[in-house]
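Asker: sequence first, then the predicted structure:
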Amino acid sequence: MINSKKSRQTRLSEIIESDPLTTDEELALKLQVSVSTLRLDRALLGIPELRERTKKRAQEAISRLRSLSLSEIVGDLLELEPNKWALSILKATRDMAFRNTKLIWDHYIFAQASSIAVAVIEADTVIVDSMRGECKGHAHVGDALIARAKVGVNKEGTTIVSVRTKIADQEIFVGRFITKILAAKI
C-alpha cells in the first residue's frame, strides 16, 4: 500500500500521465486504495474522469490531423504527434463479429492499424505502399482495441510506420506499414 496521501497522489499523476486510458478501478488496484478514495484524490488534483480525459486528448489530436479526415479513421483518434506517434481506440461491436460467434473479423483490426499508420504522417495525401503484419490474438465483441503507431525511418517521401494493437496487456496485432507521400491529390 502506498503510505502517504501525498506520495499516492504523486503516483496517481504519474500513472495517468503515462497511460491516460487507465480506468478508476485499475488505478485503485494499482494504488491499493478504494475506488472512492481514488476518485477523491483525482478530484483534489483536478484530474478529470476517464471520459473527459479521453475527450480532451481526442480533440487535441484531431486538430493536428492532416492526411485523413476524421470520418476516414477507423476507431477514435486519441492522441497524435505528427510524424512521431499516434494512438487510437476501436470499440468492438456486434456488427464487426462473425455471424455465429463473438470473434471480430480481422479486417477491422487491420483497418484500424492502416488508418492510424496514414494518420500519423503529416502530409496532405498519404497511401500505404506495402505492409507486413502478424495477427497474434483475437478480439471479441466488447473489447477495446488500442492501436499505437510509431514513425520510423523516413526517406524521400517514404516512411516506415510500426503499429501495435493491444487489448488490455495482450498484443493482438503487429504491423509494419511502408507509407508514401504523394505530391498531388489523385
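Answerer: Cool, got the structure. Numbers count the residues shown, from 1 in each chain.

Asker: quick one: residue 109 from residue 164, how far?
Answerer: When Cβ to Cβ, to the nearest Å is applied, the distance between residue 109 and residue 164 equals 11 Å. In this view, the C-beta of every residue, glycine as well, is placed from N, C-alpha and C.

Asker: mutual contacts of those two, please.
Answerer: residue 173 (Cβ atoms under 8 Å, 6 or more residues apart in numbering).

Asker: neighbour count winner among those two?
Answerer: residue 109 (26 against 16; other Cβ atoms under 10 Å).

Asker: name the nearest residue to that one, sequence neighbours excluded.
Answerer: Leaving out its chain neighbours, the residue that sits closest to residue 109 by Cβ to Cβ, 6 or more residues apart in numbering is residue 173, at 5.1 Å.

Asker: and the helix or strand hosting the one you found, what's buried?
Answerer: In the assignment (DSSP states H and E), residue 173 maps to strand 170-181. Under the neighbour-count criterion of 16 or more other Cβ atoms under 10 Å, strand 170-181 has 172-175, 177-181 buried.

Asker: paired strands for it, with orientation please.
Answerer: Using DSSP bridges, the strands paired with strand 170-181 are strand 126-135 (antiparallel), strand 158-167 (antiparallel).

Asker: and those strands, which is most packed in?
Answerer: Per residue and on average, the most neighbours among the strands paired with strand 170-181 fall to strand 158-167, with a mean of 20 (mean count of other Cβ atoms under 10 Å).

Asker: avg pLDDT for that strand?
Answerer: Over the span of strand 158-167, the pLDDT mean works out to 96.
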